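Visitor: have a look; sequence and predicted model below, questions after that.
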Amino acid sequence: MTKVLYPGSFDPLHNGHLDIIEVAARHFDEVVVASVRNPQKTGGLFDLDDRQAMIVESVAHLPNVTVTSFASLTVDLAKELGCDFIVKGLRVVADFESELMMARMNHAVSGIDTLFIPAGASNSFLASNLLREIARFGGDVTEMVPPPVAKRLLEKYGS
Ligand code: ADP
């Protein structure tokens, strides 16, 4: 049985993330989606409880996916949960550079390998920071996020 960890800030979860989760759920027995408790990224939008709730609702159709959060090293969480691999999505070359370094560092400190899944062709321009910016100014991102996220953005910004 192969279990993988998909970590991220997911602020908020968007269709690109969901696509990666669905691909992972097809190929691995168990997928754990873990949102980082205190993202380093500035300009956060949703608190952890909201981010978690949106992920739980958005993956309800995937029986082998569970959702958790963490405030530790990703590799420590992967070990604690008994995950065989870390899974990350790759959009563009910039992702590759940072993710490759992170993957090598994670392997160096723990021996855990990272597997990369390419972003779906129609999702490769999706990034949570861009969606946050558009939503804050009242732009419509409904088509780019799962319905539970669209609902919360509507409640927050009326967009
Ligand atoms: P973002 O980069 O959108 O702020 P996260 O930090 O939560 O999102 O990213 C978590 C993981 O999801 C990373 O591995 C990132 O490369 C991947 N990811 C982000 N956006 C996409 C996308 N549009 N398609 C595929 N993978 C993505």
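Guide: Thanks, I have the structure now. Model, not experiment: these values are computed from the prediction.
Visitor: list the contacts for Phe137?
Guide: If you count contacts by Cβ atoms under 8 Å, 6 or more residues apart in numbering, Phe137 has none. Just so you know, the C-beta spots here come from the backbone N, C-alpha and C atoms, and that holds for glycine as well.
Visitor: near the ligand, which residues of the protein show up?
Guide: 8-10, 16-17, 20, 88-89, 91, 95, 119, 123-124, 126-129 (Cβ under 6 Å from any ligand atom).
Visitor: try 5 Å
Guide: Residues of the chain lying close to the ligand by Cβ under 5 Å from any ligand atom are 8-10, 16, 20, 88-89, 91, 95, 119, 123, 126-128.
Visitor: from those residues, keep the buried residues only.
Guide: 8-10, 16, 20, 88-89, 91, 95, 119, 123, 126, 128 (16 or more other Cβ atoms under 10 Å).
Visitor: which SSE is the residue lying closest to His17 once chain neighbours are set aside in?
Guide: Once flanking residues are discounted, His17 sits nearest to Phe10: 6.1 Å by Cβ to Cβ, 6 or more residues apart in numbering. Here Phe10 sits in a region with no helix or strand, counting by DSSP states H and E.
Visitor: correct me, but Phe10 touches Arg51?
Guide: Yes. Counting by Cβ atoms under 8 Å, Phe10 does reach Arg51; the two are 5.3 Å apart.
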